[in-house]
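A structural model of the following input is requested.
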Amino acid sequence: MRKLIVSDIDGTLLRNDKSISDVTKNKVLDLIEEGHLFAIATGRMHGAGRIITQTLDYDGYLISCNGAVVKHLKTGELIQAIELNKEIAKNVVEICKKHDAYFHLYDIEDIYAEKHEHLAKKYSDEMEKLPEAFKFGVHFVNDVLEIIDKVPVYKIGLYSEKPEVFTQVMFEINQLKGVETCKSLTTSFDVMASGVTKATGIEAIRSHFGIPIEDVIALGDNENDMDMIGYAGVGVAMENATPELKAIANFVTKSNEDDGLVYALDQFVK
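You can find the predicted model right below:
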């Protein structure tokens, strides 16, 4: 029976040093060769998510922006793109500006920020090291409110190391109608259109290929994986996952350091 296998990246597919073990890489490629579907689900935009394909050159989809965008890595086929309402996006930006919190906007292939800090700075620095085929746009602008009128926004990410600022910004954004939010780290918070989660991205692929929900396997480790683990026919939490994720998972596998993805797939893909 054909399976749809969906994996988170950090703490799941990758080891702690951000590498993919040969065991995990070969398992994924073997399953694709056997006819199963494989997708990566990430909070990153599509352009940034593609970086992982330098070491895992798989034929399949990338679910990016926490489920807002679903695009095939090889063909470029786009089967889902759920844009954040422009007025809501401006409201989110204005809240961040009011509290002087770092934020960035994601298009499918580009990131926009006002401050040369945190994730935008990291990506900007990485561009010099990446092969041309894997580079994407990193734009520093004076006012992202003007950018919102010109490009689609699929996710807004914010960051603050100040707990009081982080808490207040999250609170105010969660009062807005038409947004979906999730905390990926204790200092990072993501904003998408209402209803958008990694599960939304999986559903787009599942329905596109007519795969029964019981044949969907999702693997993750963190809070932004909660929806897809709960949605999948088989939701797998890594040993290194949060207690909350383990509590709703169907199965807890080994850690990302011990090829937990391979161990889980050996149990559920015969």
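
Near residue 207, how many other residues are there?
12 (other Cβ atoms under 10 Å). Glycine gets a C-beta too; all of them are placed from N, C-alpha and C.

Check the gap between it and residue 235 for me.
Separation of residue 207 from residue 235 (Cβ to Cβ, to the nearest Å): 18 Å.

quick one: the helices in the protein?
Here the chain has its helices, by DSSP state H, at 22-33, 46-49, 86-98, 118-127, 144-148, 163-174, 198-209, 226-231, 243-248, 260-268.

Nearest to residue 106 among the ones you listed would be which one?
In terms of Cβ to Cβ, the element of the helices of the chain nearest to residue 106 is helix 46-49, at 8.4 Å.

for the record, mean pLDDT for stretch 259-270?
What stretch 259-270 shows for mean pLDDT is 96.

quick one: residue 66 and residue 17, what's the gap?
The value you get for residue 66 to residue 17, if Cβ to Cβ is used, is 24 Å.

Then residue 165?
Using Cβ to Cβ, residue 165 is found at 31 Å from residue 17.

quick one: contacts for residue 214?
Residue 214 sits next to 233-234 when contact means Cβ atoms under 8 Å, 6 or more residues apart in numbering.

ok, 6 Å please
Contact analysis of residue 214 by Cβ atoms under 6 Å, 6 or more residues apart in numbering lists residue 233.

how near is the closest residue to residue 74 other than its chain neighbours to residue 38?
In space, and not counting its chain neighbours, residue 74 is closest to residue 59: 5.5 Å by Cβ to Cβ, 6 or more residues apart in numbering. Using Cβ to Cβ, we find residue 59 at a distance of 8 Å from residue 38.

coming back round to it: tabulate the helices of the chain (CSV), appending distance to residue 9.
Output for the helices of the chain, formatted as CSV (distance: least, Cβ to Cβ, whole Å):
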stretch, distance to residue 9
helix 22-33, 12
helix 46-49, 7
helix 86-98, 24
helix 118-127, 14
helix 144-148, 26
helix 163-174, 23
helix 198-209, 11
helix 226-231, 13
helix 243-248, 15
helix 260-268, 11
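
Quick one, which of the ones you listed gets closest to residue 136.
Closest approach to residue 136 among the helices of the chain is made by helix 46-49 (3.1 Å; Cβ to Cβ).

And that closest one, what does it pack against?
strand 61-64 (3 or more Cβ pairs under 6 Å, 6 or more residues apart in numbering; DSSP states H and E).

Which elements pack onto the strand it packs on?
Secondary-structure packing of strand 61-64 (3+ Cβ pairs under 6 Å, 6+ apart): strand 37-41, helix 46-49, strand 69-72.

which residues sit against stretch 161-173?
Outside stretch 161-173, the residues that touch it by Cβ under 6 Å, 6+ apart are 92, 95, 99, 101, 160, 187, 189.

just the residues you listed: which has the poorest pLDDT?
residue 187 (84).

backbone phi and psi for it, please?
Reported as degrees, to the nearest 10, the phi and psi values for residue 187 are phi -120, psi 0.

got a list of what it touches?
Applying Cβ under 6 Å, 6+ apart to residue 187 gives the contacts 159, 161.

distance of it from residue 70?
Distance from residue 187 to residue 70, counting by Cβ to Cβ: 27 Å.

more crowded one of residue 165 and residue 17?
More crowded of residue 165 and residue 17, by other Cβ under 10 Å: residue 165, with 16 against 6.

Worst mean pLDDT across the helices and strands of this structure, which element?
Between all helices and strands in the chain, the lowest mean by mean pLDDT, DSSP states H and E belongs to strand 179-185, at a mean of 86.

That strand pairs with which strands, and in what direction?
Take DSSP bridges as the rule and strand 179-185 pairs in its sheet with strand 188-193 (antiparallel).
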